[in-house]
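Student: sequence first, predicted coordinates after that:
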Protein chains: 2
Amino acid sequence: MNVAANNRAVYPASAGEPSAGLDRLDRIGAIRHLAPHESLALEGDSANRFHRVLSGTVAGYKATADGRRQIVAFFFPGDLVGLTTGEHYAYGAEAVGRASVCSVPRARMRELSRQSPALHEDLLLALDREIAAAQERLLWLGRKTARERLACFLLECADRTGEPGEDGRQSVPLPMSQLEIGDYLGLASETVSRALASLARDGAIDILRPFAGVVIRDRRRLEATTDEGAHPPRACS
Amino acid sequence: MNVAANNRAVYPASAGEPSAGLDRLDRIGAIRHLAPHESLALEGDSANRFHRVLSGTVAGYKATADGRRQIVAFFFPGDLVGLTTGEHYAYGAEAVGRASVCSVPRARMRELSRQSPALHEDLLLALDREIAAAQERLLWLGRKTARERLACFLLECADRTGEPGEDGRQSVPLPMSQLEIGDYLGLASETVSRALASLARDGAIDILRPFAGVVIRDRRRLEATTDEGAHPPRACS
DNA sequence: CGACTGCTTGAGTCTGCTCAATAAAGGTGG
DNA sequence: CCACCTTTATTGAGCAGACTCAAGCAGTCG
């Protein structure tokens, strides 16, 4: 069995070093500022433009008829929202807190990507990462406990947006509410609160008060929590 | 709120009418026959070729260190397995029952897709569908009950591989075991069995004995079960 | 015709949800 | 700048859906 390195999604270069190919999009798109919870697109809308996050955070979500909601992805600065070849958006998108995006007409983008192989390559990579991320999260939602999901989530955020702090402790700002974290992880907000408290109790993290993120105090321990198993320490067969 | 039509993934043309662009792949790839549970690729393997399913079914999966498994996708004839721009496979793949695939070196494919816009277009579409499918399933795993997941799954299979039978009842062969269905839906196999029995008791489906699929007896009812809510019929606010 | 694998069904347990009450922040307007 | 109101987080109690463990029963394949 080979599961060693692949249990967390990898985001080579989303926030840190925005790729040269994508950067040119920022110059041709229309900038739009979003208030907290303002909608960028609805699920099923015809998809004639897509967006690149400039600042803040955007959540992509799906919902059931009776109001249950599942956040399908968080988009941070540099990420592309609404990538699809299809006619309609597969998910709705709204701002988490204040945010700004740059909207590019899909037609214009196609044209550009035909001209620039670099841009084209970057788009494929972005699609690829979106698939990998979604599938990674299928494992979380299908097979992991609340504590494990939280640990995975915090490590993901740390790798994507966390500040360096390579002395063992790393500050991880979390712009979204615990309810939104719950909608991302398939948990009730109360469970998120409890799981966070539990991780803090174990000394893996410190919770910022008032809640605005966490500090990873013991990354090793957090990584271990990523796969600790549902039941108490049960031996491997 | 607009959630009407988008709660199930749509697979425009996977089995029925394989696209002309992709078909040419079958001529240049090496055909490989797989025994039940034979592995096609391991998670993390370097991804130098990908595969098109010719017959049978292939499962793509991820696993945790302690052996829990999540099937990320089922691939039916005509589907592409292991599409990625990245260096390594994001998931392992193995045959469900007997299967055959056609393996194409990635390098060769790149070349072809540069020459043929039709093929290129088809590949983008396939990627797109893979994303949409994965995200759809995030909603299932994060927010739906066992019965709901089963109903969604059966409808998905019906739309992808089911035989016509548009007189209200449709035969849906299920080549995979209930354990595998469980690994796909994030459920224990016993729960799958119970949920199936429950749907049959409600008259939505008939279960083929010995287990090899179901017959959709009342599609309407099955679709309703797709979103019935965790708790007993609770009114919408 | 056995041995094995896969499905069914039951009993009991547990994780995570719901409901509820309280507390702490943040935003607003006087 | 403060009182007020809203939103978000915390914590407890109880419930329930799904899991585990276990036994029994086909059906299949050597």
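Tutor: Looks like it came in fine. Only a predicted model underlies this, so the values are computations on that prediction, with no experimental measurement involved.
Student: can you report how many residues lie near the closest residue in space to A:Asp79 that isn't next to it in sequence?
Tutor: Counting by C-beta to C-beta, 6 or more residues apart in numbering or on different chains, A:Asp79 lies nearest to A:Val53, which is 5.2 Å off, once chain neighbours are set aside. All C-beta spots, glycine's among them, are computed from the backbone N, C-alpha and C. Per other C-beta atoms under 10 Å in any protein chain shown, the neighbour tally for A:Val53 reads 25.
Student: OK, contacts around A:Val53?
Tutor: A:75-81, A:99-101 (C-beta atoms under 8 Å, 6 or more residues apart in numbering or on different chains).
Student: roughly how far apart are the most centrally placed residue in chain A and A:Arg194?
Tutor: Geometric centre of chain A, nearest residue: A:Phe74, 3.4 Å, by C-alpha atoms, centre = their mean. According to C-beta to C-beta, to the nearest Å, A:Phe74 and A:Arg194 sit 21 Å apart.
Student: show me the shaky parts of chain A.
Tutor: A:1-20, A:166, A:230-237 (pLDDT under 70).
Student: now the helices for chain A?
Tutor: Ranges of helices in chain A, per DSSP state H, are A:20-23, A:25-28, A:106-115, A:117-143, A:146-161, A:178-185, A:189-201, A:219-225.
Student: helices and strands around the fourth one, which ones?
Tutor: This points to helix A:117-143. Taking 3 or more C-beta pairs under 8 Å, 6 or more residues apart in numbering or on different chains; DSSP states H and E as contact, the helices and strands that helix A:117-143 lies on are helix A:20-23, strand A:69-75, helix A:106-115, helix A:146-161, strand B:49-63, strand B:69-75, helix B:117-143.
Student: distance between the last one and the chain's centre?
Tutor: Looking back up the chat, that one is helix B:117-143. Taking C-alpha atoms, centre = their mean, to the nearest Å, one finds the center of helix B:117-143 at 11 Å from the center of the full chain.
Student: likewise for the third one?
Tutor: On the basis of C-alpha atoms, centre = their mean, helix A:106-115 is displaced by 26 Å from the centre of the chain it belongs to.
Student: show me what counts as buried in that helix.
Tutor: A:109, A:112-113 (16 or more other C-beta atoms under 10 Å in any protein chain shown).
Student: relative to chain B, which of these is nearest.
Tutor: A:Ser113 (10.5 Å; C-beta to the nearest C-beta).
Student: pretty sure that closest one is touching A:Leu124, no?
Tutor: No: with contact defined as C-beta atoms under 8 Å, A:Ser113 and A:Leu124 do not form a contacting pair (9.4 Å).
Student: mind checking how far A:Lys144 is from B:Ala107?
Tutor: Distance from A:Lys144 to B:Ala107, by C-beta to C-beta: 36 Å.
Student: no, scratch that, I was asking about A:Leu179
Tutor: Applying C-beta to C-beta, the value for A:Leu179 to B:Ala107 is 47 Å.
Student: repeat that for A:Pro105.
Tutor: A:Pro105 is 34 Å from B:Ala107, by C-beta to C-beta.
Student: and for A:Pro175, the neighbour number?
Tutor: Here the number of neighbours of A:Pro175 (other C-beta under 10 Å) works out to 20.
Student: isn't it right up against A:Val96?
Tutor: Yes: the pair A:Pro175 / A:Val96 is scored as a contact, 5.6 Å apart, by C-beta under 8 Å.
Student: what's the overlap in contacts for these two?
Tutor: Joint contacts of A:Pro175 and A:Val96 (C-beta under 8 Å, 6+ apart) are A:56-57.
Student: domain assignment for chain A?
Tutor: A:15-140, A:145-225 (automatic domain parsing).
Student: who wins for proximity to DNA strand D among those domains?
Tutor: Proximity to DNA strand D (C-beta to the nearest atom of the strand) singles out domain A:145-225 among these, at 3.4 Å.
Student: touching chain B at all, that closest one?
Tutor: Yes: against chain B, domain A:145-225 shows contacts by C-beta under 8 Å from any C-beta of the partner chain at A:183, A:185-186.
Student: and that domain, how far out from the chain's middle?
Tutor: That offset, for domain A:145-225, works out to 13 Å (C-alpha atoms, centre = their mean).
Student: end-to-end on that domain?
Tutor: 10 Å (C-alpha to C-alpha, to the nearest Å).
Student: how far off centre is stretch A:115-135?
Tutor: Distance, centroid of stretch A:115-135 to centroid of chain: 16 Å (C-alpha atoms, centre = their mean).
Student: pull the CA atoms of that stretch into PDB?
Tutor: The C-alpha trace of stretch A:115-135 is given here as PDB (Å, rounded to 0.1, in the frame of the first residue of the first chain):
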ATOM      1  CA  GLN A 115      -2.500  32.800 -28.100                       C
ATOM      2  CA  SER A 116      -0.500  32.100 -25.000                       C
ATOM      3  CA  PRO A 117       0.700  28.500 -24.300                       C
ATOM      4  CA  ALA A 118       1.800  29.600 -20.900                       C
ATOM      5  CA  LEU A 119      -1.700  30.800 -19.900                       C
ATOM      6  CA  HIS A 120      -3.200  27.700 -21.400                       C
ATOM      7  CA  GLU A 121      -0.800  25.500 -19.400                       C
ATOM      8  CA  ASP A 122      -1.700  27.400 -16.300                       C
ATOM      9  CA  LEU A 123      -5.400  26.900 -16.800                       C
ATOM     10  CA  LEU A 124      -5.000  23.200 -17.200                       C
ATOM     11  CA  LEU A 125      -2.900  23.100 -14.100                       C
ATOM     12  CA  ALA A 126      -5.600  24.900 -12.200                       C
ATOM     13  CA  LEU A 127      -8.300  22.500 -13.400                       C
ATOM     14  CA  ASP A 128      -6.000  19.700 -12.400                       C
ATOM     15  CA  ARG A 129      -5.600  21.100  -8.900                       C
ATOM     16  CA  GLU A 130      -9.300  21.600  -8.600                       C
ATOM     17  CA  ILE A 131      -9.900  18.000  -9.300                       C
ATOM     18  CA  ALA A 132      -7.200  16.700  -7.000                       C
ATOM     19  CA  ALA A 133      -8.500  19.000  -4.200                       C
ATOM     20  CA  ALA A 134     -12.100  17.900  -4.600                       C
ATOM     21  CA  GLN A 135     -11.200  14.200  -4.600                       C
END
